[in-house]
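# build the 3D model from these lines:
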Amino acid sequence: MPEQFPADPTIWWTGKTNPETGRKILRFKHTLPNGKPRLRHPETNKPLLTTGDIIIGKMGCLKLQWHGEWIPVPTIEEFMEWTLDSVCPTPDGEIVEPDAPNSWLSLVGLV
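Numbering: from 1, shown residues only. All right, here's what the predicted structure looks like:
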């Protein structure tokens, strides 16, 4: 089985649960892998889940938040292929230049 690209997660579980709500307590990085700052709620200043966030899912699989869906991060081999091509896909399958803001290479911070 091909190895998944080791993208740097931007959200992780602290290992703790909120006793009042029963929800997992998450930590958020201040910036996304592409260098964009994290959006924050205007009233509470709490970090917001953002398109481009990366989290470690079940069984250690890295997933990228993309317009409300969690999509598995591609394999190392796929990223290697895209660095050699003059095109790169976006998470929704559109073909763009490798340095386009929505390309996989940009979203994980490689370009």
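# show me which helix runs longest in the protein.
The helix spanning the most residues in the chain, taking DSSP state H as the definition, is helix 76-84.
# buried sites along that one?
When neighbours are counted by 16 or more other Cβ atoms under 10 Å, the buried residues of helix 76-84 are found to be 78, 79, 82. Glycine gets a C-beta too; all of them are placed from N, C-alpha and C.
# let me see the contact set for the first one.
Counting by Cβ atoms under 8 Å, 6 or more residues apart in numbering, residue 78 touches 2, 5, 104.
# got phi/psi on the last one?
In this entry, residue 104 is assigned phi and psi values of phi -60, psi -40 (degrees, to the nearest 10).
# isn't residue 106 up against residue 100?
Yes. Using Cβ atoms under 8 Å, residue 106 is in contact with residue 100, at 6.3 Å.
# of those two, who's got more company?
Neighbour tally, residue 106 and residue 100, criterion other Cβ atoms under 10 Å: the higher count belongs to residue 106, 21 against 17.
# neighbouring contacts of stretch 88-104?
Residues outside stretch 88-104 that contact it (Cβ under 8 Å, 6+ apart): 34, 64, 66-67, 71, 74, 78-79, 82-83, 85-87, 105-107, 111.
# also stretch 38-52?
Contacts with stretch 38-52, where a contact means Cβ under 8 Å, 6+ apart, come from 10-11, 28-34, 36, 64-67, 107.
# per-residue confidence at residue 1?
The model reports residue 1 with a pLDDT of 61.
# out of the contacts of residue 78, which end up buried?
When neighbours are counted using 16+ other Cβ under 10 Å, the contacts of residue 78 contain these buried positions: 5, 104.
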